[in-house]
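> Fold the following.
(2 chains)
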Protein chains: 2
Amino acid sequence: MLELAFRPDRRRAEPVYQQLAGYLKELVEAGRLGAGQKLPATRELAVALGLSRNTVNLAYEALASERLVTAHVGQGTFVAAPGRRRSLEAPAGADGERLAFEGLFAARPPLRLPAPDLASEAPRFELRPGRVDVDSLPRSELKRAFARAVDLALPRLANRLDPLGWPPLREAIARSLVARGIACGADDVLIVQGAQEGLDLLARILLDPGDAAAMEEPGWFGARLAFASRGAHIVPVAVDGEGLRTDALARVLRGRRVKLVYVTPAVQSPTGVALAEPRRRELLALAEEHQCAIVEDDYESELRLGGRAAPALAEADTGGRVLYLGTFSKALFPALRVGYLVAAAPVLRRAAEALGAAHFGGSLLVQAALAELLAGGALERHVRRVRRLYAARKEALLAGLAAHFPEGTRFSRPAGGTVWVELPRDLDSRALAHDARTAGIAIALGDVFFHEPGERRCLSLSFTSLPPDAIGEAIARLGALAHAARRKGSQP
Amino acid sequence: MLELAFRPDRRRAEPVYQQLAGYLKELVEAGRLGAGQKLPATRELAVALGLSRNTVNLAYEALASERLVTAHVGQGTFVAAPGRRRSLEAPAGADGERLAFEGLFAARPPLRLPAPDLASEAPRFELRPGRVDVDSLPRSELKRAFARAVDLALPRLANRLDPLGWPPLREAIARSLVARGIACGADDVLIVQGAQEGLDLLARILLDPGDAAAMEEPGWFGARLAFASRGAHIVPVAVDGEGLRTDALARVLRGRRVKLVYVTPAVQSPTGVALAEPRRRELLALAEEHQCAIVEDDYESELRLGGRAAPALAEADTGGRVLYLGTFSKALFPALRVGYLVAAAPVLRRAAEALGAAHFGGSLLVQAALAELLAGGALERHVRRVRRLYAARKEALLAGLAAHFPEGTRFSRPAGGTVWVELPRDLDSRALAHDARTAGIAIALGDVFFHEPGERRCLSLSFTSLPPDAIGEAIARLGALAHAARRKGSQP
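Alright, predicted model coming up:
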């Protein structure tokens, strides 16, 4: 065992555990306790030094909080590597980074990820978008699908790297797209790690830094992130009750070269409106006239399978200009990270090359399990079940908004799973979000969907996570908070 | 049903099925059969036109081969979308691409993916590297791990997007790295979609176009791909029987600014040698002196768990300069697409930002299942079993090479799962590869591991896919072909 010459000085104001931590820290910094070396068990050290075990525990915890040591359950506590130690303490741009990596980072500001905080603890009332109902996920079917994938597909896929994706899944997706009016085959489908990867790949192959990309305003911030990451100039185009304003887009296109237009025609993100039929035709004609690509993000397509929704924009595309993105994040769950791109061959080939260079392709076992779910009809049955479930929840949310929110609040029946709420002008939306959080109600402000930062007094409220009763209760409480935020806001 | 005015002309040389296909093609091109429209069932059409069903089938197949229609099992045959039609026919750079996407692609040549063809049919004797033994994969444990992940982790992960990865897996990886001498915690680990994504992310955050990156020569082509994709200038540094020549690296670093050095110290890829101890120290000192990062690709680390291998280079890194990459592609299988990056906090943070912007993170369900495999000890048991299996296979390959290959063939006992074979100068290695393929023996030429294209007369032979007897037989046959290729080569 390690020889330690530590003697506590009980006359000092510093607690003994801090003295011990300081002593151990000196040993580490002098190199007498080397990286990877195991510290004595707390019980042994306590006996050897005549201290309580609690004191030794506290000392170890203090060292761990400084990242000098790391504890591993069942294995003990180890001295951390020096490089990691110092740099992990350093905040962004602080000395650690400058010292060890000066000049190493590519000269550009770090990317900000405006993704909603999907990783935090579950609140009592979850109304933020991008979530599915966990309790209704088809667990037995999922387990069976993975078991079948391991039994039947694993031998063929284990040693395969396929940037295009698992062929049976691509075939199953192509088949399912008949419901969206899209006639394509497996060779037209590229599997991506969520629609976001599709956006990133399209940005990388279609946009050069400084190129212009037009998108809906308000619009999906993931698209803005992908285009901005590539250094593109983003041109926001207004949205109204019939979706993207094609007249505004026409003015933009007459004025400057725009390489791509990003749209969510079936269910505009975030407002939930569907693109009106005349505008669909205008949009396609504009893209043809101005030689630009259309990125159609059909992110709720699966949930609409078999429904009366308009076919995808890609259905009416005669020029091969529509690059179609779909996802299983809504029909199953976001953490699955499986989406797909359907596009003309030259685009698909370049996207597959970029995807292959990035990581040689996604996890084929997940794709094989998903193909099982699709082929056996389990996914379709799940989607039918969930659509009924969500329909009742949507009514509860709309009724609650009508009953409990202050006069001047505007919202309309959405085509998809979130309701876009415009709050009265005299309401402090950030105060409302704060008060809601305190009350256990998680809501998302709409600010992040706009191109320019600033308070927009909008909410994107989802009804997918809660049963109707809970939605009713949450919206009643939220309405009361909104009334309060309004009174506060209108006081001097 | 669609009215068809088709009459076969049996006097023409053109077969009737081609006449029917031509007729239908005209209807499609005239717009009378629109995209997404369903063709009549072959049986119905055969009856209606007085043709055999086989003739109609052949006509539909001819249309499908031209991508004018797509067939979906159980649903019928549909007219394909025009945009996809034309462009899918067009080869790279042909009219389709120029017409529809002129000026749209970012101005750069397409990436070439030199990855070995992992997707082709299984040959009789598989000796190419990058593959694991499929029969010994722990299928029951995999199924159990996925079932547990669905039962226990799904509620917590379903709605979570986490660019860093599933925390229990990061914790389990950090614990397992104690065996490689690396003391780190879950916060030091970023989950990536295979080590290749780690390389891509590091290239993106550390390299600007034109920057220099040094790597082993011969060296892992995936690293070259990642650095070259970023527009970096690649500086090859020679490898000998003790790994990377640090004297050669020192000369390079004195002459020019190099931002990162890529190495495979435990098992040099592709030669299989381990980096000698004095060179490990020299490499770290050089990185410190010249302020460059070291990318340590410990790609066979899991297979060496509990072995007598030298600790990772990262273990002796006091400056936080070593960026450590690991993978589960060898311990489990490549198509799992799970690897990890362990790095100082500023690097890890930037890499996570880049990963998040690219796809919001990998599939957490796979990560949760993998965490189950690690935590329950199933992976360690599997690795122990496979190491015994591979040990016997390695002996069979080495013995076969010694017994059957022509004089002048050079190879040495590798630290990992592939043997690097240098063939005699008078042997035509490409003829050998061709003859081997014809004989049902899949081998990989070493050419792809070199910076400059050209024939190198090297093979990278893996013993992981076949039992010892089959390896013996394959090597005996291959040796005979090598003798033949030599004689051929030495004739005028």
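
> State the phi and psi torsions of A:Glu372.
phi -60, psi -50 (degrees, to the nearest 10).

> now the stretch 351-492 of chain A, which segments are flagged as low pLDDT?
By pLDDT under 70, the weakly predicted segments of the stretch 351-492 of chain A are A:487-492.

> residues in it within reach of chain B, list them.
Applying CB under 8 Å from any CB of the partner chain, we find that the stretch 351-492 of chain A lies next to chain B at A:353-354, A:356-366, A:369, A:465. The C-beta positions use only the backbone N, C-alpha and C, and glycine is treated the same way.

> and the two most separated of those?
Largest separation among those by CB to CB: A:Glu353 and A:Ser465, giving 38.3 Å.

> So for these two, which residue has more residues nearby?
Taking other CB atoms under 10 Å in any protein chain shown, A:Glu353 and A:Ser465 do not tie; A:Ser465 has more neighbours (25 against 18).

> Spit out the contact partners of the more buried one.
A:126-128, A:131-134, B:159 (CB atoms under 8 Å, 6 or more residues apart in numbering or on different chains).

> Could you export those as CSV, including secondary structure?
Formatted as CSV, the contacts of A:Ser465 follow (DSSP: H, G, I helix; E, B strand; the rest coil):
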residue, secondary structure
A:Glu126, strand
A:Leu127, coil
A:Arg128, coil
A:Arg131, coil
A:Val132, coil
A:Asp133, coil
A:Val134, helix
B:Asn159, coil
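
> which outside residues touch stretch A:7-22?
Here stretch A:7-22 has contacts from A:6, A:49, A:51, A:55-56, A:58-60, A:62-63, using CB under 8 Å, 6+ apart.

> now, which of those residues sits nearest chain B?
The nearest member of the contacts of stretch A:7-22 to chain B, counting by CB to the nearest CB, is A:Leu63 at 12.0 Å.

> Surely the closest one is in contact with A:Tyr23?
No: judged on CB atoms under 8 Å, A:Leu63 makes no contact with A:Tyr23 at a distance of 10.5 Å.

> Compare these two and say which is more crowded by neighbours.
Legend: neighbour count by other CB under 10 Å for A:Leu63 and A:Tyr23, higher for A:Leu63 (23 against 16).

> now the strands for the stretch 201-350 of chain A?
Assigned by DSSP state E, counting those that start in this stretch, the strands in the stretch 201-350 of chain A fall at A:212-217, A:233-240, A:243-244, A:260-263, A:293-297, A:322-327, A:339-342.

> I'd like those strands as JSON lines, with distance to A:Thr438 appended.
Converted to JSON lines, the strands of the stretch 201-350 of chain A look like this (distance: least, CB to CB, whole Å):
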{"stretch": "strand A:212-217", "distance to A:Thr438": "31"}
{"stretch": "strand A:233-240", "distance to A:Thr438": "32"}
{"stretch": "strand A:243-244", "distance to A:Thr438": "36"}
{"stretch": "strand A:260-263", "distance to A:Thr438": "36"}
{"stretch": "strand A:293-297", "distance to A:Thr438": "34"}
{"stretch": "strand A:322-327", "distance to A:Thr438": "33"}
{"stretch": "strand A:339-342", "distance to A:Thr438": "36"}
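
> Let's have those in TSV, adding distance to chain B, mean pLDDT and mean neighbour count.
Shown next, in TSV, are the strands of the stretch 201-350 of chain A (distance: least, CB to the nearest CB, whole Å; pLDDT from 0 to 100; neighbours: other CB atoms under 10 Å in any protein chain shown):
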stretch	distance to chain B	mean pLDDT	mean neighbour count
strand A:212-217	12	97	24
strand A:233-240	14	97	18
strand A:243-244	20	97	26
strand A:260-263	8	98	28
strand A:293-297	6	97	27
strand A:322-327	7	96	27
strand A:339-342	8	97	26
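
> Who are the contact partners of A:Ala335?
By CB under 8 Å, 6+ apart, A:Ala335 lies in contact with B:157-162, B:363-365.

> got the CA positions of stretch A:21-38 in CSV?
Provided in CSV are the C-alpha atoms of stretch A:21-38 (Å, rounded to 0.1, in the frame of the first residue of the first chain):
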residue,chain,number,x,y,z
ALA,A,21,-7.3,16.5,-0.2
GLY,A,22,-4.7,19.2,-0.4
TYR,A,23,-2.0,16.7,0.6
LEU,A,24,-3.0,14.2,-2.0
LYS,A,25,-3.2,16.9,-4.6
GLU,A,26,0.4,17.8,-3.9
LEU,A,27,1.4,14.2,-4.3
VAL,A,28,-0.4,14.1,-7.7
GLU,A,29,1.1,17.3,-8.9
ALA,A,30,4.6,16.3,-7.8
GLY,A,31,4.2,13.1,-9.8
ARG,A,32,4.4,10.8,-6.8
LEU,A,33,0.9,9.6,-7.5
GLY,A,34,1.0,8.9,-11.3
ALA,A,35,-1.8,8.9,-13.8
GLY,A,36,-3.8,5.7,-13.6
GLN,A,37,-2.5,4.8,-10.2
LYS,A,38,-5.2,3.4,-7.8
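
> list the buried ones in that stretch?
Residues of stretch A:21-38 classed as buried by neighbour count (16 or more other CB atoms under 10 Å in any protein chain shown): A:21, A:23-25, A:27-28, A:33, A:35-36, A:38.

> Any chance of these in TSV with secondary structure as columns?
As requested, the buried residues of stretch A:21-38 are exported to TSV (three-state DSSP):
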residue	secondary structure
A:Ala21	helix
A:Tyr23	helix
A:Leu24	helix
A:Lys25	helix
A:Leu27	helix
A:Val28	helix
A:Leu33	coil
A:Ala35	coil
A:Gly36	coil
A:Lys38	strand
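
> and which of those residues is nearest to chain B?
The nearest one, if we look at the buried residues of stretch A:21-38 relative to chain B and count by CB to the nearest CB, is A:Gly36, at 4.5 Å.

> The closest one reaches B:Val178, doesn't it?
Yes: assessed by CB under 8 Å, A:Gly36 is found in contact with B:Val178 at 7.3 Å.

> tell me, what's touching these two both at once?
A:Phe78.

> which secondary structure element contains A:Arg437?
helix A:429-438 (DSSP states H and E).

> Please name every helix or strand in contact with that helix.
strand A:444-445, helix A:468-490 (3 or more CB pairs under 8 Å, 6 or more residues apart in numbering or on different chains; DSSP states H and E).
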